[in-house]
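Undergrad: Structure of the sequence below:
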Amino acid sequence: MVWRSVIISQPAKLKREHFSLVVEQEQSARVPFEDIAVIVLNNREITLTHPVLSACAEYGIGLFATGDNHQPSGVFLPFQSHSRATRILRLQLDMDKPTCKRAWATVVQQKIRNQAICLRTMNTGDAERLESYARRVRSGDTGNMEAQASAYYFPQLFGRSFHRSQNGWCNAALDYGYAVMRGACARALVAHGMLPTIGLFHSSEQNAFNLADDLIEPYRPIIDLHVATHRKTDNEQELSPSDKSGLVGLLNVDVSMPRGVMSTLSSIEQAAESFARLYDGGSELILELPKLIGLLQHRYEM
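TA: Model (predicted):
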């Protein structure tokens, strides 16, 4: 089972030796490719060989590159040959609007419910207000309950003066966490034969990850809760290496799914699979989406 997140923040050379990734630094490390879900390259002096890229595709690993601001700026996705990729692409293109709208409403409802759980966990705001918003979501979210919920939720969680456009530690942490989670969603969708460009609700012609932006929505409160729990003053603009490690580590926290408690990364795989079943003739009732239960790290059997 893939579960490791490899974050490289110092100059290094990455190469492949048989079935393992070798990270050559002052103290070199070796990690089996089959254990890796995500690799984050967070230094401008990292070099890697073509066999490493090939292995990332072969083992279904998401490889993230960061920009000068140390935020994820690109992701290498394993577009492996899927046995039904062309068929699923046709199904994505042929999905009828009513089904898309009902599915989007289901996604929005779970996102708002998780926001309510986040407020309740932090003992702030009125979680019942958000629960009422979730109950009022209709097909296609025509009442724009998602926006109404967010307008109430973020000031309650981070303070009345907070807004998502301002500079500071909180927004830098949220952006970093969302970017990593979004990449994990895109990775899972591709693995199940879907093209992440074609979304249920998101449909920007300039966005290559519309469907990933649909899938990520109920996962966002996981990042929100972590950032609220570890919040620093906005005088501290930059994320530390430990901040980034903690945000990438959210892929391994437990969430509740219809099939039981599992890691966020495993739940993304199941959620993506349910999206594929939706395209293959299912209804919005078939979607499997996460319920926030805290920030406990998943315990893997070794």
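
Undergrad: how about the strands in the chain?
TA: Using DSSP state E, the strands of the chain run over 4-8, 12-17, 20-24, 29-32, 36-41, 46-48, 62-66, 72-76, 253-257, 260-263, 291-297.

Undergrad: Just give me the lowest mean pLDDT stretch among those.
TA: With a mean of 77, strand 72-76 has the lowest mean pLDDT of those.

Undergrad: hmm, who's touching that strand?
TA: 40, 53, 56-57, 62-67, 176, 179-180, 183, 186-187 (CB atoms under 8 Å, 6 or more residues apart in numbering). C-beta coordinates here come from the backbone N, C-alpha and C atoms, glycine included.

Undergrad: go with 7 Å
TA: 53, 56, 62-67, 176, 179-180, 183, 186 (CB atoms under 7 Å, 6 or more residues apart in numbering).

Undergrad: and the residues you listed as CSV, adding distance to F209 and neighbour count?
TA: Listed next are the contacts of strand 72-76 as CSV, based on distance: CB to CB, whole Å; neighbours: other CB atoms under 10 Å:
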residue, distance to F209, neighbour count
L53, 20, 16
C56, 18, 22
G62, 12, 26
L63, 15, 24
F64, 13, 22
A65, 15, 14
T66, 17, 20
G67, 17, 10
Y176, 16, 24
A179, 10, 21
V180, 13, 25
G183, 8, 24
A186, 5, 25
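
Undergrad: what's the most distant pair in the residues you listed?
TA: Among the contacts of strand 72-76, the pair separated by the greatest distance (CB to CB) is L53 and Y176, at 23.2 Å.

Undergrad: show me the contacts for the residue nearest to N167 when sequence neighbours are not counted.
TA: Ranked by CB to CB, 6 or more residues apart in numbering and with sequence neighbours excluded, the top spatial neighbour of N167 is Q237, at 6.5 Å. By CB under 7 Å, 6+ apart, the contact list for Q237 reads 167-169, 172.

Undergrad: Taking the residues you listed, tell me the two that lie furthest apart.
TA: N167 and W169 (9.1 Å).
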